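Colleague: Everything below, folded, please.
(3 chains)
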Amino acid sequence: MNYWLFKTEPDDISLDDIKAAKTKGLRWDGIRNYQARNFLRDQLAIGDGIFIYHSQCKAVGIVGTAEVTRAAYADPAQFDPNSKYFDAKATTDRPRWFCVDIRYTGTLKNLLPLSQLKVDPALSDMVLIKQGRLSIQPVTLMEWRHIQTLAAD
DNA sequence: GCCAACGTTGGC
DNA sequence: GCCAACGTTGGC
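Modeller: Next up, the predicted model:
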């Protein structure tokens, strides 16, 4: 069992949208960054825990949790010429991009703003803090637990 | 909307 | 295979 952080722009997909999808869950598609893709394809497993992080909005930070309900499969959008995620170089034999399905598991009592995460010594090695521009990233068990504790306060 | 960070593309 | 140009992410 591993832990992850997914960034999303709430104007596009918010935690509420994930919640509204209930147990049938949501396809997490449109990942077009190789580093994020490799995590998706090679490491995300059913049952893995996910922090949902809102970016590009007023309240930037971790808002809730979700879990993986289906491991990586070829992202159908790459084959759809009408999709903004279409990739002419991808074929069904050799898909380039992958997606997973996730479902809502909870909303944090308090949104944990990036500003707070940044100054927390226990989180100084977090990928979120050390590297920008990565929409799917690993979270250590220690970080996962620490953030859960912060959220419970 | 600005701009820094950084990944990707493409000419050579 | 180098590296400049370019595009995207994402905080502020």
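
Colleague: which parts of chain A sit against DNA strand B?
Modeller: Where proximity means C-beta under 7 Å from any atom of the strand, the interface of chain A facing DNA strand B comprises A:33-35, A:131-133. C-beta coordinates here come from the backbone N, C-alpha and C atoms, glycine included.

Colleague: Filter those down to the ones in strands?
Modeller: Among the residues of chain A next to DNA strand B, DSSP state E puts none in strands.

Colleague: Which one of these is nearest to DNA strand C?
Modeller: Distance ranking of the residues of chain A next to DNA strand B against DNA strand C, using C-beta to the nearest atom of the strand, places A:R133 first at 3.7 Å.

Colleague: all helices in chain A, in order from the N-terminus.
Modeller: Under the criterion DSSP state H, chain A carries helices at the ranges A:15-20, A:34-42, A:114-119, A:127-130, A:141-152.

Colleague: ok, the fourth one near DNA strand C or not?
Modeller: No: under the criterion of C-beta under 7 Å from any atom of the strand, DNA strand C is not reached by helix A:127-130; the shortest gap measures 7.7 Å.
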